[in-house]
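Trainee: what's the 3D shape of this:
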Amino acid sequence: MERVCVLYPCYFHAGLRRAEGRRVPMALAVKGPSLADLNAALKKCGCTFRTEEKHHPAHWYKREGRVVVEYEGPKNELIRKVARALEVKG
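Mentor: Next up, the predicted model:
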């Protein structure tokens with residue numbers, strides 16, 4: 001059974017503290033990640049995903065969008081995998 005994980009750009013944003021929504025260590029965070037950056041990183045990872053015009057509840061005013069990913073493993077593992085793919089870009 002495929003599981004879905006929701007990822008927001010703020011999870012990877014180096015300008016945010018953990019309490020503000022960043023989910024990766026500073027070493028894996030990037031400056032100003034966009035939805036397009038997430039899409040490119042997910043393509044590199046070979047994941048099936050779709051983008052949505054929804055926003056992170058804590059950052060409702062930013063309207064950054066989100067990505068819904070079909071992924072078998074734990075969400076934390078997916079987040080780190082995507083962060084490493086973003087790091088290559090940045």
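Trainee: Low-confidence regions, this protein specifically.
Mentor: 1-2, 88-90 (pLDDT under 70).
Trainee: can you do 80?
Mentor: Residues of the chain meeting the criterion pLDDT under 80: 1-2, 87-90.
Trainee: where exactly do the helices run in it?
Mentor: 35-45, 75-89 (DSSP state H).
Trainee: Could you tell me how far stretch 61-70 lies from the centre of the chain?
Mentor: 8 Å (C-alpha atoms, centre = their mean, to the nearest Å).
Trainee: Now do the buried residues in it.
Mentor: Neighbour counts over stretch 61-70 (16 or more other C-beta atoms under 10 Å) mark 64-67, 69 as buried. Where you see a C-beta, it was placed from the backbone N, CA and C, and this is true even at glycine.
Trainee: quick one: which of those sit in strands?
Mentor: Per DSSP state E, strands hold the following members of the buried residues of stretch 61-70: 66-67, 69.
Trainee: And the closest residue to Leu7 other than its chain neighbours, how close does it get to Gly73?
Mentor: Nearest non-adjacent residue to Leu7, counting by C-beta to C-beta, 6 or more residues apart in numbering: Val67, 4.8 Å away. Applying C-beta to C-beta, to the nearest Å, the value for Val67 to Gly73 is 16 Å.
Trainee: swap in Lys54?
Mentor: 23 Å.
Trainee: Looking at those two, which is more packed in?
Mentor: The residue with more neighbours, out of Lys54 and Gly73, is Lys54; 14 against 10, by other C-beta atoms under 10 Å.
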